[in-house]
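*Asks:* Would you be able to build a 3D model of this:
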Amino acid sequence: MTRSIGTDFQAQLDSSELQPFFAVSINYTDPLNIWTGYNEITFGGVTYFPSGNLLGISAVDESADIRANGISISLSGLDNSIISSALTEDSQGKVVKVFFGVVATVSNETQVVDTPYQTFEGFIDTMSINEDGDGTVVAITVENKLIILERPVERRYTDQDQKEFFTDDKGLEFIDSLQDKSINWGGG
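*Replies:* You can find the predicted model right below:
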């Protein structure tokens with residue numbers, strides 16, 4: 001799949017002083033937006049809070065065929081309020097987006113260069129919280145959004161089902177009467 005990135009982004013990638021980052025957005029009721037840096041950054045109208053080296057993201061695999069490859073994300077050293085919301089909120093099916101970007105330091109201020117590139121989007125499958133003597137680690141497995149293609153479609157070809165989506169559609173109004181209809185083909 002061809003993708004395009006901005007010219008400033010490309011210039012930073014070609015630069016000898018590259019400062020890459022990853023950002024993760026988890027669409028909880030109170031969204032969790034974190035990135036792998038040490039100051040707050042904003043892009044796309046969303047503020048991302050620092051996580052330093054406390055955020056781990058597995059490799060994002062792509063394949064030539066249509067396949068739903070997932071990823072895993074690990075978060076450690078989180079604030080207790082984030083952990084408590086992770087324990088209480090139903091997280092399965094929440095949307096997760098992962099971005100790759102580049103920052104530059106201008107006048108002792110961290111600035112996002114161009115628009116970060118979205119490398120992954122999917123839904124939370126499972127989340128586990130592991131506590132040990134060193135702290136708490138939240139491990140999240142995320143399914144690719146292509147997983148929707150593998151789910152069965154719960155639609156029926158009936159007039160009532162069609163009218164749920166298109167109230168004025170009359171395309172299926174005679175389906176019920178065709179159920180037991182006898183048709184003589186080629187007979188006279």
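*Asks:* where exactly do the strands run in this structure?
*Replies:* 20-26, 32-35, 41-43, 46-50, 55-57, 71-76, 95-106, 109-132, 135-144 (DSSP state E).
*Asks:* Tell me which residues are up against the fifth one.
*Replies:* What that stands for is strand 55-57. Applying C-beta atoms under 8 Å, 6 or more residues apart in numbering, the contact partners of strand 55-57 are 22, 24, 34, 35, 36, 71, 72, 73, 74, 75, 76, 98. (C-beta placed from N, C-alpha, C; glycine too.)
*Asks:* what's the neighbour count on the second one?
*Replies:* Summarising burial for residue 24: neighbours were counted as other C-beta atoms under 10 Å, giving 22.
*Asks:* cool, and the last one?
*Replies:* Residues lying near residue 98 (other C-beta under 10 Å) number 21.
*Asks:* what about it, distance to residue 169?
*Replies:* Going from residue 98 to residue 169 by C-beta to C-beta, to the nearest Å gives 39 Å.
*Asks:* List the residues that contact the residue nearest to residue 7 when sequence neighbours are not counted.
*Replies:* Distances taken as C-beta to C-beta, 6 or more residues apart in numbering place residue 114 nearest to residue 7, at 7.7 Å, with adjacent residues excluded. Residues counted as contacts of residue 114 (C-beta under 8 Å, 6+ apart) are 5, 6, 7, 8, 9, 12, 101, 102.
*Asks:* Among the residues you listed, which one sits closest to residue 41?
*Replies:* Closest approach to residue 41 among the contacts of residue 114 (C-beta to C-beta): residue 101, at 8.5 Å.
*Asks:* Could you pull up the contacting residues of the nearest residue to the closest one once chain neighbours are set aside?
*Replies:* Counting by C-beta to C-beta, 6+ apart, residue 101 lies nearest to residue 116, which is 3.0 Å off, once chain neighbours are set aside. The contact partners of residue 116, by C-beta under 8 Å, 6+ apart, come to 21, 23, 43, 44, 99, 100, 101, 102.
*Asks:* would you list those residues in CSV and tack on neighbour count?
*Replies:* Shown next, in CSV, are these (neighbours: other C-beta atoms under 10 Å):
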residue, neighbour count
21, 18
23, 27
43, 18
44, 15
99, 23
100, 17
101, 26
102, 23
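*Asks:* so which pair among these is furthest apart in space?
*Replies:* 44 and 102 (14.9 Å).
*Asks:* Just tell me which of the strands of the chain ends up closest to residue 87.
*Replies:* Among the strands of the chain, if distance is taken as C-beta to C-beta, the winner is strand 109-132, at 6.8 Å.
*Asks:* Keeping just the C-alphas, turn the closest one into CSV.
*Replies:* Extracted in CSV, the C-alpha atoms of strand 109-132 (Å, rounded to 0.1, in the frame of the first residue of the first chain):
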residue,chain,number,x,y,z
GLU,A,109,10.5,23.5,23.3
THR,A,110,9.4,20.1,21.9
GLN,A,111,7.4,20.5,18.7
VAL,A,112,5.8,17.9,16.5
VAL,A,113,7.1,18.0,12.9
ASP,A,114,4.4,17.8,10.3
THR,A,115,1.5,15.3,10.9
PRO,A,116,2.4,12.0,12.7
TYR,A,117,1.7,8.9,10.7
GLN,A,118,-1.0,6.5,11.9
THR,A,119,0.6,3.1,11.8
PHE,A,120,-2.2,1.1,13.4
GLU,A,121,-5.8,1.2,14.3
GLY,A,122,-7.8,-1.6,16.1
PHE,A,123,-9.9,-2.7,19.0
ILE,A,124,-8.9,-3.9,22.4
ASP,A,125,-9.2,-7.6,22.7
THR,A,126,-7.8,-8.4,26.1
MET,A,127,-6.3,-6.4,28.9
SER,A,128,-4.4,-7.8,31.9
ILE,A,129,-2.9,-6.0,34.9
ASN,A,130,0.2,-7.6,36.5
GLU,A,131,1.6,-6.4,39.8
ASP,A,132,5.0,-7.3,41.2
